[in-house]
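A.B. asks: Show me the folded form of this:
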Amino acid sequence: MSEVGMSFDLDKLEKIVAERASAPPDQSYTAKLKAQGMERAAKKLGEEAVEAVIAAVSGNREELVKESADILYHLLVVLHLGQVSVQDVMEELARRTGQSGLQEKASRPKD
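C.D. replies: You can find the predicted model right below:
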């Protein structure tokens with residue numbers, strides 16, 4: 001694993017997204033997405049998810065890695081815009097680990 005891979009995590013990416021979101025939109029893609037609003041950022045997240053699905057189904061590991069990185073980045077932009085931290089998400093995941101996925105899903109309110 002590269003040095004970058006060993007020292008890079010979602011907390012660092014979250015900080016980078018927050019820093020870049022405050023830059024002028026003509027100087028940062030993150031700031032440009034922020035300026036375009038939640039709807040655009042969420043659509044980009046969805047587009048990247050579809051691309052990752054295509055890479056997964058086609059068995060293209062290299063593209064799956066790249067598209068997964070795009071998903072994580074765009075997810076953190078959406079979380080930033082929604083004022084949700086990575087820690088908030090980790091706490092929810094920790095809460096869910098106390099029960100099986102099937103039990104957790106069954107406990108959700110029915111729509």
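
A.B. asks: which ones are touching the spatially most central residue of the chain?
C.D. replies: The residue lying closest to the centre of the chain (C-alpha atoms, centre = their mean) is residue 75, at 2.4 Å. Residues counted as contacts of residue 75 (C-beta atoms under 8 Å, 6 or more residues apart in numbering) are residue 45. All C-beta spots, glycine's among them, are computed from the backbone N, C-alpha and C.

A.B. asks: Can you give the distance of whichever strand or helix holds it from its chain's centre?
C.D. replies: Using DSSP states H and E, the element containing residue 75 is helix 61-81. Averaged C-alpha coordinates place helix 61-81 at 5 Å from its chain's average position (C-alpha atoms, centre = their mean, to the nearest Å).

A.B. asks: same check, this time on stretch 29-37
C.D. replies: Using C-alpha atoms, centre = their mean, the offset of stretch 29-37 from its chain centre is 15 Å.

A.B. asks: what's near enough to touch residue 55?
C.D. replies: Applying C-beta under 8 Å, 6+ apart, we find residue 55 in contact with 63-64, 66-67.

A.B. asks: Please, which helix or strand holds it?
C.D. replies: Residue 55 is located in helix 38-58, with elements delineated by DSSP H and E.

A.B. asks: Can you check the pLDDT for the residue lying closest to residue 71 once chain neighbours are set aside?
C.D. replies: Nearest non-adjacent residue to residue 71, counting by C-beta to C-beta, 6 or more residues apart in numbering: residue 48, 4.8 Å away. Here, the pLDDT recorded for residue 48 equals 98.
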